[in-house]
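Trainee: Would you be able to build a 3D model of this:
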Amino acid sequence: MWRVGFRWILVGNDRKEHEMATTLSDAYVGDLSDRITGTVLRPHDSGYDEARAIHNGLIDRKPALIVRCRTADDVVAALAFARRVELEISIRGGGHSVAGRAVTEGGLMIDLAEMKAIAVDPQARTVTAEGGVIWSELNDATAEHGLAVTGGVVSTTGIGGLTLGGGLGWLMSKYGLAADNLIGVELVTADGDVLEVDAAHPDLFWALRGGGGNFGVVTSLTYRLHPLRTIVGGLIAHPIDAAPAMLRFYRDAVADASDDLTVFAGLVHAPDGSGAKLAAMVVFHSGETADAERDLAPFEAWGSPLVVQVGPMPYPVMNTILDAGYPKGALNYWRSSFTRGLSDELIDIAVARFAGVPSPMSAILFEHFHGAVTRVDASATAVPHRAEGWNLFIPSVWTDVDDSDENIAWTRESFAALRPHFGAGRWLNYLGDDEADDAVRAAYGPNYERLREVKRRYDPENVFHLNHNIR
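Mentor: Numbers count the residues shown, from 1 in each chain. From the prediction side, this is the model:
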């Protein structure tokens, strides 16, 4: 009488909502509410629409239930309920994934947004944070002790999704990816077991560092921390006419970059809302002041920049300087791929494609991988992308839903035009909702078959499939 079959997901919205409203009776939902310390939201409840909304405004899905968990036991209860009534399960941490798979249509969303505890151990140089924490919160907490770890380049990103997908960031050339600094995880498995996973569980711990959300619900993460207070960083912007020359300079200038130096470059728009196109470099240096001045001088001196905003700042501030370009609720459609170098032809194609970009919020970016992140063996974690080079990233962002077709078409066409210069790898956290299985395999690379073996052991029924799925 109260079993919900997945076949109802395929019928019309009105009938589906009626079936679910009838099937998930107040008594059954009330029983779940009584079992948890968090809250259960249904479509008619206050706060439901806010809870189901994630960062990407292109995603508009309606779960039958949202369970806002506060403890790992809440997650266990929500998971058991969903499996008992055969509701599809999705997991929301920070809600930042562009693919939007944190939100199920008609299923049960396990929402970790209220799980915000952070505990820093300054003597051991570790931090443990719950699954709803975002990077700005973690950065601020560790900075109080003069400590830091590699986080995302946008501070509103959730720590869980970013880390499980690898976790690139400004510190990756010095200390590796966020996943490389992960030393422990509290995980709720498909069977409802709560596991403390670390190096003593080599296969599962290996898989969690880069395998995405395929193996369970991560309710807390423990990271190794590093001494860091002030960095030197900021933005250098040139007129768009200088883009071909600037990108060639950038390619050559980072060829022998130290571990302290990370520079991303790209084709962007002015942040003042004018829509002016710019060629820009974002620079980051984590070393001594004298070394930073020496290493950054060539970037500041090259050409005739319109803007040079580079100076010392707290590490957490550096992680916020790109936030304005990714506002919550804006519509996002992304593509990315690792490249086979940064050839003159690739640069020229990127510049030509950017000339016709329809949105004043979109960009074409080049993320440089070098240093510590490349000195980890490709099979040491589930993240296989350890070669020095560039990830090309096309984040299309716009605000008017009526402009969606034009922006999506431009992104796809630009990606296709650049494809001859791509390598084999794809960055997991940048994959869109419409990417084919070959893109997912390219993200996991040579580690895919081992990941399948771990998936078979810990989630043989593929309960956790709303992710970039390991089948």
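
Trainee: Which neighbouring elements make contact with the helix or strand hosting Lys174?
Mentor: Assigned by DSSP states H and E, Lys174 belongs to helix 172-175. Using 3 or more CB pairs under 8 Å, 6 or more residues apart in numbering; DSSP states H and E as the contact definition, the elements that helix 172-175 packs against are strand 261-269, strand 364-369. To be clear about C-beta, it is placed using only N, CA and C from the backbone, and glycine gets the same treatment.

Trainee: Mind doing that once more with 10 Å?
Mentor: strand 261-269, strand 277-285, strand 364-369 (3 or more CB pairs under 10 Å, 6 or more residues apart in numbering; DSSP states H and E).

Trainee: Out of those, which is closest to Glu388?
Mentor: Smallest distance to Glu388 across the helices and strands packed on helix 172-175 (CB to CB): 6.0 Å, for strand 364-369.

Trainee: In PDB, please show the C-alpha coordinates belonging to the helix of greatest length in the chain.
Mentor: What stands out as the longest helix in the chain, according to DSSP state H, is helix 404-418. Taking Å, rounded to 0.1, in the frame of the first residue of the first chain, the C-alpha atoms of helix 404-418 are listed here in PDB:
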ATOM      1  CA  SER A 404      19.500  28.800 -22.400                       C
ATOM      2  CA  ASP A 405      19.400  27.400 -25.900                       C
ATOM      3  CA  GLU A 406      21.900  29.900 -27.200                       C
ATOM      4  CA  ASN A 407      24.300  29.500 -24.300                       C
ATOM      5  CA  ILE A 408      24.200  25.800 -24.300                       C
ATOM      6  CA  ALA A 409      24.700  25.700 -28.100                       C
ATOM      7  CA  TRP A 410      27.800  28.000 -27.900                       C
ATOM      8  CA  THR A 411      29.300  25.900 -25.200                       C
ATOM      9  CA  ARG A 412      28.900  22.700 -27.100                       C
ATOM     10  CA  GLU A 413      30.100  24.200 -30.400                       C
ATOM     11  CA  SER A 414      33.200  25.700 -28.700                       C
ATOM     12  CA  PHE A 415      34.000  22.400 -27.000                       C
ATOM     13  CA  ALA A 416      33.700  20.600 -30.400                       C
ATOM     14  CA  ALA A 417      35.900  23.200 -32.100                       C
ATOM     15  CA  LEU A 418      38.600  22.700 -29.500                       C
END
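
Trainee: Tell me which residues are up against that helix.
Mentor: Residues from elsewhere that reach helix 404-418 (CB atoms under 10 Å, 6 or more residues apart in numbering): 57-58, 331-337, 339, 345-346, 349-350, 352-354, 356-359, 361-362, 364, 392, 394-398, 400, 422, 432, 434.

Trainee: Please indicate which of those residues are buried?
Mentor: Neighbour counting by 16 or more other CB atoms under 10 Å classes 57-58, 331-337, 339, 346, 349-350, 353-354, 357-359, 361-362, 364, 392, 394-398, 422, 432 among the contacts of helix 404-418 as buried.

Trainee: Among those residues, which are located in strands?
Mentor: 331-337, 364, 392, 394-398 (DSSP state E).

Trainee: pLDDT and distance to Leu162 for those residues - can I get that in JSON lines?
Mentor: JSON lines is the format used below for those (pLDDT from 0 to 100; distance: CB to CB, whole Å):
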{"residue": "Leu331", "pLDDT": "98", "distance to Leu162": "21"}
{"residue": "Asn332", "pLDDT": "98", "distance to Leu162": "15"}
{"residue": "Tyr333", "pLDDT": "98", "distance to Leu162": "19"}
{"residue": "Trp334", "pLDDT": "98", "distance to Leu162": "14"}
{"residue": "Arg335", "pLDDT": "98", "distance to Leu162": "19"}
{"residue": "Ser336", "pLDDT": "98", "distance to Leu162": "15"}
{"residue": "Ser337", "pLDDT": "98", "distance to Leu162": "19"}
{"residue": "Ile364", "pLDDT": "98", "distance to Leu162": "22"}
{"residue": "Leu392", "pLDDT": "98", "distance to Leu162": "19"}
{"residue": "Ile394", "pLDDT": "98", "distance to Leu162": "19"}
{"residue": "Pro395", "pLDDT": "98", "distance to Leu162": "15"}
{"residue": "Ser396", "pLDDT": "98", "distance to Leu162": "20"}
{"residue": "Val397", "pLDDT": "98", "distance to Leu162": "18"}
{"residue": "Trp398", "pLDDT": "98", "distance to Leu162": "23"}
